[in-house]
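Q: pasting the sequence and the predicted coordinates here, then a few questions.
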There are 2 protein chains.
Amino acid sequence: MSKRTVYFISDQTGLTAETIGRSLLTQFNVPDFDCSTLSFIDSYDKAVDVGKQIDNIASISGMKPIVFISFAKKELSQEILKSNGLVIDFFGEFIGALSDELGIEPTFQQGTAHGIADFKSYDRRIDAMNFAMDADDGHTLKNYDTADIILIGVSRSGKTPTCLYLALQYGIYAANYPLSDDDLESGNMPEVLKHFRSKIYGLTISPERLRKIRLERRPDGIYSSHQQVTYEIRAAELLMKKNNISFTDTTLFSIEEIASTILSKSDIKRRAL
Amino acid sequence: MSKRTVYFISDQTGLTAETIGRSLLTQFNVPDFDCSTLSFIDSYDKAVDVGKQIDNIASISGMKPIVFISFAKKELSQEILKSNGLVIDFFGEFIGALSDELGIEPTFQQGTAHGIADFKSYDRRIDAMNFAMDADDGHTLKNYDTADIILIGVSRSGKTPTCLYLALQYGIYAANYPLSDDDLESGNMPEVLKHFRSKIYGLTISPERLRKIRLERRPDGIYSSHQQVTYEIRAAELLMKKNNISFTDTTLFSIEEIASTILSKSDIKRRAL
C-alpha cells in the first residue's frame, strides 16, 4: 500500500505545524508517512498552488493528504482549507478562545514564534552556543565560573549534545567535564569542580548503548571493550552517588528529554524564551 | 497590572505544548506573559496537584491562567481540563478527526514526538552534530567530501550556529568555510571548495548587525570597525554573485528561519525525521 502523504505548511518556517503534526502522528501505529514541510508559503498564489498539489495527490492516491497548517494570514489558510486534504488548523481553532479570554484582538501578523522577535533573547542563545563550544570537554576550565550548569559523565554519555541543545534552545551556559581515569579510580569529586557543586549534574548510560556508540568512533582497543565501559559507568555512578550529584540515565532519552529532565530536576533557569 | 500566567504542560517534555502555545501567544500584542513549562506530569497525583495550582492562581490573580496541554493519557488531561484555566488541548481537539481519516485508533501511549523512538534516526542527529563540531570553521578540510552542505560567509555571519542547528534538528552534515582575506580580495571561489560547488550555500548579514556582534567578541581593532565589516560583506556578496552561489541575509532571521530557508531553497535532504 502506498504511504499516506502528510504536509506541514506555513507562511513562516513551518516548525510549529511540524511539531504539532509529528506529535499527533506518533499516536497512530503507522509504519511510515510521506512527510514534507512547505515553508514560507506567504502569498496567495503560492497557497493556491499548494491547494492544487493537495487535490492532485488526493485524486491520484485516493487518500486525503493529512495537512497541518500554521498560517497567520486567514486568506492563506482559507485556500488550504478549501482543498481535499484533511486540514488540521490549530491556529484557526484556538485563536478565538484565546482572544476572548485575553480581551484583545489577534494581530494576524506572520508569526514570530521561530523568528528573531527579540534580539536580546536571541543573542543570548548564540552567546550560549559559543560558550558551549568553547567550553566543550573541559578545554577551558576557567569557564566553569560563568557556567549555569556543568555536566559530568564518562566519554560519550551525551554531555556535548546536551550542552549544545541547552544553549541553542534555552540560552543556558552549559559546560561539561569528562570524568578522567583518576577521578573514576579515586571516586572523589575532581578538584577543579569542588567550588561548583551546586551547578553539577551527571549523565549516565547503559553499558550496551555506550559500547555501541564508542565502537562507531573507535572500533578497536580498550575504549569500547565491554569490560572498560562497564567499569567506567559503575565507577562514575558511584562517584556521583557518593558526592550527592543528581544524575539521569540517557540510554532511552533523546537530547530534548535529557534537557527537559535537567530543567525540571535542577534549579537552573532559562536565559532565553 | 500583573502578568497573565501561562502554563505548558505535558506527561513528556512539554515541547509540543510550548511550541503551539508560544506560536499562538505571538499573535497578541501583550508585552509579557509569565510562562512556565511543567514537564513529565505523568501521574494522576501530579496532574491533580497542577490542577489545584491553576485554580489557586486563578482565584488569587482573578485571571484565568492560559494552559496549553499535550497529554497522551486522557485521564491526565481530564484533570487539567477540570481546572479554572483556559485550557487549550490540541490533542483532544484533533485526534478524533485524524483517527477517522486514518481508519485506526490512536494508541494513547505517551508521545514519542521528542523521544528517541528511532535509534537510527537519532544517532544520525548525534553523528551530524559531531561532524559539525569537527568541521567547524574549516579546521578539517577533508570533511567537505562527506558534508551535505558547506556554508560560506564572513566571520560571525551565522555559519556555526546554523550548522549545529541543521545537525541537531535534521541530522544534516553541515560544514562551513570562513571566507579569508585572500578569497575576498580575489573574488574567486576558494580552491578547496572548487569540487563542491553544488553543496555550497552562502550567508550574509548587514554591516550594522555584524559590527555589533563582532564588537562583543573583540571590542578593539580593525575586526569590528565599520570600514572593515562593510568591505568584507560587500566583497563576500560579490564573490557569491560572481560564482552563482545562492545566499541568504541572516540579519533579521533566527537560526530556525535560516535553516528552513536553506532547506527550502537548496536540494539538501534531511537525514533525520
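A: All right, it came through fine. The structure presented is a predicted model; accordingly, all values stated were derived computationally and were not measured. Residues are numbered from 1 along each chain as shown, chains lettered A, B, ... in the order given.
Q: show residues contacting the helix or strand of chain A with the lowest mean pLDDT.
A: Every helix and strand in chain A was compared by mean pLDDT, DSSP states H and E; the lowest is helix A:119-134, with a mean of 85. Around helix A:119-134, the neighbours that count as contacts under CB atoms under 8 Å, 6 or more residues apart in numbering or on different chains are A:116, A:140, A:143, A:146-147, A:163-164, A:166-175, A:271-273, B:133, B:136, B:160-161, B:164, B:213, B:216, B:254-255. The C-beta positions use only the backbone N, C-alpha and C, and glycine is treated the same way.
Q: after that helix, next one along is what?
A: Toward the C-terminus, helix A:119-134 is succeeded by strand A:149-153 as the next helix or strand (DSSP states H and E).
Q: give the helix, strand or coil label for A:Asn244.
A: Following DSSP: H, G, I helix; E, B strand; the rest coil, A:Asn244 is assigned to coil.
Q: contacting residues for it?
A: For A:Asn244, no residue counts as a contact, taking CB under 8 Å, 6+ apart as the criterion.
Q: tell me the SS of A:Thr248?
A: Reduced to three states with three-state DSSP, the structure at A:Thr248 is strand.
Q: just to revisit the earlier point, and the contacts of helix A:119-134, which of them are buried?
A: Of the members of the contacts of helix A:119-134, the ones counted as buried by neighbours, 16 or more other CB atoms under 10 Å in any protein chain shown, are A:116, A:143, A:147, A:163-164, A:166-175, A:271-272, B:133, B:136, B:160-161, B:164, B:213, B:254-255.
Q: among those, which lie within helices?
A: Counted as lying in helices by DSSP state H, out of the buried ones among the contacts of helix A:119-134, are A:163-164, A:166-170, B:133, B:160-161, B:164, B:213, B:255.
Q: that older thread, tell me the angle the least confident helix or strand of chain A makes with helix A:159-170.
A: 170 degrees (axes from the mean of the first three to the mean of the last three CA atoms, to 10 degrees).
Q: is the residue nearest to A:Asp89 when sequence neighbours are not counted bridged to anything, and to what?
A: With CB to CB, 6 or more residues apart in numbering or on different chains as the measure, A:Ile69 is the residue that lies nearest to A:Asp89, at 5.3 Å, once sequence neighbours are left out. A:Ile69 forms beta bridges with A:Ile9, A:Asp89, as assigned by DSSP bridges.
Q: how many other residues sit next to A:Ile69?
A: Counted with other CB atoms under 10 Å in any protein chain shown, the neighbours of A:Ile69 add up to 30.
Q: try A:Ser43
A: Number of residues near A:Ser43 (other CB under 10 Å) recorded here: 12.
Q: the nearest residue to it once chain neighbours are set aside sits in which helix or strand?
A: In space, and not counting its chain neighbours, A:Ser43 is closest to A:Leu76: 8.0 Å by CB to CB, 6+ apart. Here A:Leu76, judged by DSSP H and E, is contained in helix A:74-81.
Q: contact partners of that helix?
A: A:9, A:11, A:41-44, A:47-48, A:50-51, A:54, A:67, A:69, A:71, A:87, A:89, A:91-92, A:108.
Q: from those residues, keep the buried residues only.
A: Among the contacts of helix A:74-81, those classed as buried by 16+ other CB under 10 Å are A:9, A:11, A:41, A:47-48, A:50-51, A:54, A:67, A:69, A:71, A:87, A:89, A:91-92.
Q: quick one: which two of those residues are the most distant?
A: Of all pairs drawn from the buried ones among the contacts of helix A:74-81, the widest gap by CB to CB lies between A:Val48 and A:Phe91 and measures 19.2 Å.
Q: pLDDT score for A:Gly62?
A: A:Gly62 carries a pLDDT score of 94 in this model.
Q: so where's the stretch 101-250 of chain A shaky on pLDDT?
A: Within the stretch 101-250 of chain A, the ranges that satisfy pLDDT under 70 run A:110-118, A:137-142.
Q: against chain B, how distant is the residue lying closest to A:Ala147 once chain neighbours are set aside?
A: Counting by CB to CB, 6+ apart, the nearest residue to A:Ala147 once its immediate chain neighbours are dropped is A:Ala175, at 4.0 Å. Plainly put, A:Ala175 is 15 Å away from chain B if you go by CB to the nearest CB, to the nearest Å.
Q: quick one: contacts for A:Ala175?
A: By CB under 8 Å, 6+ apart, the contact set of A:Ala175 is A:131-132, A:135, A:138, A:143-144, A:147, A:149-151, A:163.
Q: just A:Pro219 next, same as before
A: Contact analysis of A:Pro219 by CB under 8 Å, 6+ apart lists nothing.
Q: looks to me like it is in a strand.
A: No: according to three-state DSSP, the state of A:Pro219 is coil, so it is not within a strand.
Q: for it, grab phi and psi.
A: Geometry field for A:Pro219 lists phi and psi as phi -70, psi -30, criterion degrees, to the nearest 10.
Q: ok, now how distant is it from chain B?
A: A:Pro219 sits 15 Å away from chain B, going by CB to the nearest CB.
Q: any idea how far B:Leu263 is from that residue?
A: In this structure, A:Pro219 and B:Leu263 are 33 Å apart, going by CB to CB, to the nearest Å.
Q: what sits against A:Leu193?
A: With the criterion set at CB under 8 Å, 6+ apart, A:Leu193 makes contact with A:144, A:150, A:152, A:177, A:200.
Q: so what's the residue nearest to A:Asp89 up against?
A: Contacts of A:Ile69 were listed using CB under 8 Å, 6+ apart, and they are A:8-10, A:17, A:77, A:80-81, A:87-89, A:91.
Q: now, among those residues, which is nearest to chain B?
A: Each of the contacts of A:Ile69 was checked against chain B using CB to the nearest CB; the closest is A:Ile88, at 5.2 Å.
Q: what pLDDT is listed against the closest one?
A: Confidence per residue is given as pLDDT, and for A:Ile88 that number is 96.
Q: hang on, the earlier thing: turn the contacts of A:Ala175 into JSON lines, columns for distance to A:Asn188.
A: As requested, the contacts of A:Ala175 are exported to JSON lines (distance: CB to CB, whole Å):
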{"residue": "A:Phe131", "distance to A:Asn188": "27"}
{"residue": "A:Ala132", "distance to A:Asn188": "26"}
{"residue": "A:Ala135", "distance to A:Asn188": "22"}
{"residue": "A:Gly138", "distance to A:Asn188": "16"}
{"residue": "A:Asn143", "distance to A:Asn188": "22"}
{"residue": "A:Tyr144", "distance to A:Asn188": "17"}
{"residue": "A:Ala147", "distance to A:Asn188": "21"}
{"residue": "A:Ile149", "distance to A:Asn188": "21"}
{"residue": "A:Ile150", "distance to A:Asn188": "16"}
{"residue": "A:Leu151", "distance to A:Asn188": "18"}
{"residue": "A:Cys163", "distance to A:Asn188": "24"}
